[in-house]
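[1] Next one to model:
(chains A and B)
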Amino acid sequence: GAGVSQSPSNKVTEKGKDVELRCDPISGHTALYWYRQSLGQGLEFLIYFQGNSAPDKSGLPSDRFSAERTGGSVSTLTIQRTQQEDSAVYLCASSLVGRVNYGYTFGSGTRLTVV
Amino acid sequence: KQEVTQIPAALSVPEGENLVLNCSFTDSAIYNLQWFRQDPGKGLTSLLLIQSSQREQTSGRLNASLDKSSGRSTLYIAASQPGDSATYLCAYTQGGSEKLVFGKGTKLTVNP
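    Numbering: from 1, shown residues only, chains lettered A, B, ... in the order given. You can find the predicted model right below:
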């Protein structure tokens, strides 16, 4: 597609439920990144994919968070047993090869609200 | 600890004014630094990318500078317009890492 597509754009869920957030990167972009933006906080790195592998998942805040990427394309971020502190905007970005010098393209994000 | 500080947190200026946004970082081993713009409800748009070996980059009315020795970067916006109103974020990567380390941003309002 023309840009990075994320779905849903908004998600309200009850505490304790599982949620799945989807990212569809630009076609041909081999690198994919997930970030989280909490209210009043800066963007926080979660995980980086190169192809289907995740060489850096150091930003995942707990084992309730997981992500996968299939076919070198679509990625899903799963949060199990959601907590109120998980409420944030989750942003996905992709780039052609990796490394910022090739340029990131960000999606519009998924706003997650845990009630 | 990797930290990026952006000052001021918010800025309101009249249209036509030239302005400077500041970004400071504690990590001296940066690989490159990038300035982004974020509009409400939207993703981030990359504005300028400065490699660690460079001192500045220019695009239209925007000029970004980088001083690694002092841990500072500035984004200069000339002849500001209401359409420039947005939150401006700076972020850097380290050598050997793919992740961007972000500041909290400066919210700019340009009044007509």
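[2] my read: A:Thr110 touches A:Val12, true?
    No - using CB atoms under 8 Å, A:Thr110 is not in contact with A:Val12, being 11.2 Å away. Yep, even glycine has a C-beta here, placed from its N, CA and C like the rest.
[3] Looking at these two, which is more packed in?
    Taking neighbours as other CB atoms under 10 Å in any protein chain shown, A:Thr110 and A:Val12 compare with A:Thr110 leading, 22 against 12.
[4] Can you name the residues that contact that one?
    Applying CB atoms under 8 Å, 6 or more residues apart in numbering or on different chains to A:Thr110 gives the contacts A:Gln6, A:Ser7, A:Pro8, A:Ser9, A:Asn10, A:Lys11, A:Leu21, A:Val89, A:Tyr90.
[5] Which helix or which strand is home to the first one?
    When elements are defined using DSSP states H and E, A:Gln6 is found to belong to strand A:5-7.
[6] Check the last one too.
    In this assignment (DSSP H and E), A:Tyr90 forms part of strand A:88-95.
[7] for the record, mean pLDDT for that strand?
    Strand A:88-95 shows an average pLDDT of 94 in the prediction.
[8] So what are the sheet partners of that strand and their directions?
    Its sheet considered, strand A:88-95 pairs with strand A:31-37 (antiparallel), strand A:105-106 (antiparallel), strand A:110-114 (antiparallel) by DSSP bridges.
[9] Please identify the deepest-packed of those.
    strand A:31-37 (a mean of 24; mean count of other CB atoms under 10 Å in any protein chain shown).
[10] how long is stretch A:39-48 from one end to the other?
    22 Å (CA to CA, to the nearest Å).
[11] does any bit of that stretch sit next to chain B?
    Yes - shown here: stretch A:39-48 in contact with chain B (CB under 8 Å from any CB of the partner chain) through A:Gly40, A:Gln41, A:Gly42, A:Leu43, A:Glu44, A:Phe45, A:Tyr48.
[12] List the buried residues of that stretch.
    A:Gly42, A:Leu43, A:Glu44, A:Phe45, A:Leu46, A:Ile47, A:Tyr48 (16 or more other CB atoms under 10 Å in any protein chain shown).
[13] before we move on, which element is the fifth one in?
    Which is A:Leu46. Using DSSP H and E, A:Leu46 falls in strand A:43-50.
[14] Now the element after that strand, going C-ward?
    Heading C-terminal from strand A:43-50, the first helix or strand you meet, by DSSP H and E, is strand A:53-56.
[15] How about the residues of chain A by chain B?
    A:4, A:31, A:33, A:35, A:40-45, A:48, A:55-56, A:58-59, A:91, A:93, A:98-101, A:103-109.
[16] any idea how far the spatially most central residue of chain A is from chain B?
    Per CA atoms, centre = their mean, the C-alpha nearest to the average position across chain A is that of A:Trp34, at 3.3 Å. Per CB to the nearest CB, to the nearest Å, A:Trp34 is found 10 Å from chain B.
[17] Point out where chain A drops to low pLDDT.
    Residues of chain A meeting the criterion pLDDT under 70: A:1, A:98-102.
[18] right, I mislabeled it, should have said chain B
    Ranges of chain B meeting pLDDT under 70: B:1-2.
[19] change it to 90
    For chain B, the stretches flagged by pLDDT under 90 are B:1-3, B:26-32, B:40-43, B:46, B:51-53, B:69, B:93-100.
[20] looking at it, A:Ser9 is touching A:Gly107, isn't it?
    No - checked against CB under 8 Å, the pair A:Ser9 and A:Gly107 is beyond contact range at 9.5 Å.
[21] Among the two, which residue is more densely surrounded?
    The residue with more neighbours, out of A:Ser9 and A:Gly107, is A:Gly107; 24 against 13, by other CB under 10 Å.
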